[in-house]
Structure formats: structure tokens, C-alpha cells
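In: sequence plus the predicted model coming up.
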Amino acid sequence: MLGRSASSEDALLARRTKSTARSATPSSSHSIPINDFTNVVPEGMIRLSGPLEHDNIVNGDGLRAVLWTQGCPNHCPGCQNPETWDYEEGFLISIDEVMERLSKFRGQTGITFCGGEPFVQPKACKEIADRVRKEFGWNVWSFSGFTYEQIKKAGGDAWEFLKSLDALIDGPFILSQKDLSLRYRGSKNQRLLYLEHKTGKILKVE
Ligand code: SF4
């Protein structure tokens, strides 16, 4: 198996935690069991908050398609997209239709899942992630208001979606740590984690 050992992964995370003075204790709003929110959409469907984007250069490396999911339990103070929180808003669309629309985007190197909270729809997101990798050869990134550790602990569909990624930008937006100079992130507590596809092992932390 490729990738780093668990101990080197722990060391990577520990180094990053120390350098950003990250709180060791998640806020109460982020101790929600992630898998309580799985299967909130019918099989074969996904709930989105807006149209699919392409040629995006601010949500990951390269030229990217972006998929905006609807529904978020995190409710971070200062969130720029509170209209994406409600699970009944946005619109339902079939995964086949999403793939059809994505297939028309030329020259993309990857897709990024934004939100909302992609990890409350992990089965649908994983299916799209796996299909774009196989059918278009794209890499796959996702944002999450949950941390890597919370997703790993939750296991189940959330962990399966994480294992389909090449990179995760994790953690809630924390207004008091806002820093717009960071690559792809809004606050200092958030990490850019490059992952080993299929295992979810952390390869690099930024
Ligand atoms: S996780 Fe993202 S979408 Fe959800 S409340 Fe926080 S900043 Fe907003």
C-alpha cells in the first residue's frame, strides 16, 4: 500500500496544529455525528444550491469545475453562504444529469465540492467523484466544515467519500481567525490536506 504510516500522518497533523494554534476541542456545533445527515436525498440524486461552475481557479489547483451542495449543519458565524444551510432549499438533480452537464466542460483538471456541507450527502458526492475521475480523468477536492479527524471517526459513507478525494480543505470558518491571504481558505484554522486517493492517508498539510 502506498502512503505514509499512521505515525508520520500524526506527526504531519501535530506539526500543523501547533503552527496554527488550533483549538484541540471542537466547538459544540461541530460535534454533530456526521452520519446522522447521510441519505438526506433520494438514491441517485443530489441537492445543489446553485449551477455547476467551470474554469474556476480559486477553489483548488488548476482549472476546476465546482459543484455547490445544499444543506449545512455547521452554521459558522460569518459564513458567506447562509442560504446554503437549509436542507429543503436549492434543487434536487439526478447524478446522471450532473454528469451530463459536467461532460460539456472542456479543459478542466478537476472538480471541487463546495457548500453547504458536501459531507452530509456523501454517497452522492462519492458517486460523482468516482465517475469524474474514471470518465474525465479529473482529480477531486472537497471542502468540509468538519475536520479530517471528525470525518475519520464518523466512518461510514463520510469516510468513503473522503477516500475518493485528492485533497480536503477542512474545518469550520472561524471569524476570529479570518485570513484572506491563505490559499483557498478563509480562516487560519482551516487546513489544505493533500490525500492519497483510495486510502485517505494524509500526504501533505498546508
Ligand atoms: S461549513 Fe461552510 S457553508 Fe457551512 S456554515 Fe461553515 S462556512 Fe458556511
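Out: Okay, I see it.

In: give me the pLDDT value at residue 88.
Out: pLDDT recorded at residue 88 is 89.

In: could you measure from it over to residue 42?
Out: To residue 42, residue 88 is 14 Å away according to C-beta to C-beta, to the nearest Å. C-betas here are computed from N, CA, C, even on glycine.

In: and the two? Which one has more around it.
Out: Between residue 88 and residue 42, counted using other C-beta atoms under 10 Å, residue 42 has the larger neighbour count: 11 against 8.

In: rounded mean pLDDT for the helix or strand containing residue 124, please.
Out: Assessed by DSSP states H and E, residue 124 sits inside helix 122-136. The pLDDT scores in helix 122-136 average 97.

In: distance between the next helix or strand after it and the chain's centre?
Out: Counting by DSSP H and E, the element after helix 122-136 in chain order, helix or strand, is strand 139-143. How far strand 139-143 lies from its chain's middle: 6 Å, per C-alpha atoms, centre = their mean, to the nearest Å.

In: list the buried residues of the helix or strand that comes right after strand 139-143.
Out: Next in sequence after strand 139-143, counting helices and strands by DSSP H and E, comes helix 148-154. By 16 or more other C-beta atoms under 10 Å, the buried positions in helix 148-154 come out as 148, 150-151, 154.

In: ok, back up a step: may I have the helix holding residue 124 as PDB, with CA atoms only?
Out: The C-alpha trace of helix 122-136 is given here as PDB (Å, rounded to 0.1, in the frame of the first residue of the first chain):
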ATOM      1  CA  PRO A 122     -21.500  11.700   1.000                       C
ATOM      2  CA  LYS A 123     -23.000   8.900  -1.100                       C
ATOM      3  CA  ALA A 124     -24.000  11.200  -3.900                       C
ATOM      4  CA  CYS A 125     -20.700  13.100  -3.800                       C
ATOM      5  CA  LYS A 126     -18.700   9.900  -3.800                       C
ATOM      6  CA  GLU A 127     -20.500   8.600  -6.800                       C
ATOM      7  CA  ILE A 128     -19.900  11.900  -8.700                       C
ATOM      8  CA  ALA A 129     -16.200  11.900  -7.500                       C
ATOM      9  CA  ASP A 130     -15.600   8.300  -8.700                       C
ATOM     10  CA  ARG A 131     -17.300   8.900 -12.100                       C
ATOM     11  CA  VAL A 132     -15.500  12.200 -13.000                       C
ATOM     12  CA  ARG A 133     -12.200  10.500 -12.100                       C
ATOM     13  CA  LYS A 134     -12.900   7.500 -14.200                       C
ATOM     14  CA  GLU A 135     -14.800   9.200 -17.100                       C
ATOM     15  CA  PHE A 136     -12.900  12.500 -17.400                       C
END
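
In: packing partners for that helix?
Out: strand 45-48, strand 64-68, helix 95-102, strand 110-114, strand 139-143, helix 156-163 (3 or more C-beta pairs under 8 Å, 6 or more residues apart in numbering; DSSP states H and E).
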